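Enquirer: Structure of the sequence below:
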Amino acid sequence: MSERSQAVPKPEGEYFESSRFAGLSFLLGLIAVVALALCAVGAFLNPHQFSYSWLFAFAFFFTLCAGCFFWTIVHHATDADWSVVVRRQLENIAALLVVLAILFVPVLLLRHHLYAWMDIPPGAEASLDEKRAYLNWYFFLGRAVLFLGFFILAALALRRFSVEQDKDGNPRFTIWMRKVAFISLPMFALCLTFGAFDWLMSLNYRWFSTMFGVYIFAGAAGSSMSLLVLVITALRQAGYLKDIVTPLAFCIFWAYIGFGQYMLIWYANIPEETQFFITRNTESWWALSMLLVVGRFFGTFAILLLRSIKKEPHRLCYVAGWIVCMQMLDMYIVVLPALHGTGVHVSIWDLLSLIAIGATLGFVYLRVVARTSLFPVRDPRLVESLKLVN
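Expert: Coordinates of the predicted model:
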């Protein structure tokens, strides 16, 4: 629920001073270079473990950035007012998909360590032969190029039109962004769903679930909104957006899809389907699975029922940070059991992969955010957005 406040004058643009954070930028760049170098060593020393660790880290950060892209296109498709003031940060984070496309290359290079179906010759397994039309290397590569190409082109197009509108406020850019958003909505659903099938579900080519793509989407949508809360709060702490952004609050949908997938597979009791959950209910994986269920839904849902939590940015940040951590755990449970099916086996490459990709994205973000105003200063709906008090 929201109420209208008094008219708010349209502000001038506010710009991120990169010189204030030169030290942080240098530190992130240094960490990224060192971590990436160590990861390159890991790819040679222990390619089998490293390939799964890198895919886990890639999947985690990709879902965060893809989720921000989703909220951007939803904003334009629904002509929303409330999200205008935070849209630029959604656009900036979605632009990091360009970097993630480059960081997907190790997955392609190490594909034989990840996807067993690539090494099984035709005729060796009947169930796989039935899927050969889809599960083959050249089609897999072509789909990856298509999926990542769509995310990059659409995200950059929306950001470019938004930035161009900052110059003169021409409403034609709003119309163009809405057209791109309408085209992007079905494309997003297809690319994210089949990307999840290709990169994550095909780790076990015998298993299948028609709800898996929606499950990945639910996690991406909730965690990316939490990431936005953290980014906006960090900018406010740094002295920006003080008079622009007021405090903002998808765990129910994630729980609904997760439970629906589990319940239907449990009820059907088909061996090809149940093996996914049997592995994740084995030994120490069971403890992590329970932590995910309780931490991602029951605990978070109860806390977010409290209005005082949602109205206080610092308290909300704790919850948002926890949800982002739960998304990381979710991707870990999706990827790593395909390698360590008998129980959790934490590797140094898990941590180094997270650090390498995270530091790289953080370094690039600090450069992207400084190039434009922190909010779309000439958007026709900005004044209406500023009148909203959550």
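
Enquirer: number of nearby residues for R367?
Expert: 12 (other C-beta atoms under 10 Å). In short, each C-beta sits where N, CA and C put it, glycine included.

Enquirer: and if you look at the one 10 residues further on?
Expert: As a burial measure, V377 scores 19 neighbours (other C-beta under 10 Å).

Enquirer: Quick one, grab the pLDDT at it.
Expert: Note on V377: pLDDT of 84.

Enquirer: Show the backbone phi and psi for it.
Expert: Dihedral angles of V377 (phi, psi; degrees, to the nearest 10) stand at phi -70, psi -20.

Enquirer: just checking, A356 touches S53?
Expert: No. Shown here, A356 and S53 do not form a contact pair, counting by C-beta atoms under 8 Å, at 10.0 Å.

Enquirer: Name the spans of this structure whose pLDDT lies under the cut-off.
Expert: 1-13, 242-277, 297-313, 383-390 (pLDDT under 70).

Enquirer: For the residue of the chain positioned farthest from its centre, identify the helix or strand it belongs to.
Expert: Centroid-distance maximum for the chain: G123 at 37.8 Å, with C-alpha atoms, centre = their mean. Under the criterion DSSP states H and E, no helix or strand holds G123.

Enquirer: Check A101 too.
Expert: Assigned by DSSP H and E, A101 falls in helix 97-103.

Enquirer: was I right about A57 contacting W349?
Expert: No. Using C-beta under 8 Å, A57 is not in contact with W349, being 9.2 Å away.

Enquirer: residues contacting the residue farthest from the centre of the chain?
Expert: By C-beta atoms under 8 Å, 6 or more residues apart in numbering, the residues touching G123 are D129.

Enquirer: name the helices or strands packed onto the helix holding A101?
Expert: If you count contacts as 3 or more C-beta pairs under 8 Å, 6 or more residues apart in numbering; DSSP states H and E, helix 97-103 packs onto helix 47-78, helix 137-168, helix 348-368.

Enquirer: Out of those, the one nearest I323 is which?
Expert: With C-beta to C-beta as the criterion, I323 lies closest to helix 47-78 of the helices and strands packed on helix 97-103, at 10.8 Å.

Enquirer: buried sites along the closest one?
Expert: 47, 49-77 (16 or more other C-beta atoms under 10 Å).

Enquirer: ok, back up a step: check what contacts the helix holding A101 and list those residues.
Expert: For helix 97-103, the external contacting residues (C-beta under 8 Å, 6+ apart) are 58, 61-62, 65-66, 69, 148, 151-152, 155-156, 357, 360-361, 364.

Enquirer: from those, which is closest to V33?
Expert: T360 (8.9 Å).

Enquirer: quick one: the closest one and V34 touch, right?
Expert: No. Counting by C-beta under 8 Å, V34 is not a contact partner of T360; they are 11.3 Å apart.

Enquirer: And the two? Which one has more around it.
Expert: T360 (23 against 14).

Enquirer: Tell me the spacing between the more buried one and A234.
Expert: Distance, T360 to A234, using C-beta to C-beta, to the nearest Å: 18 Å.
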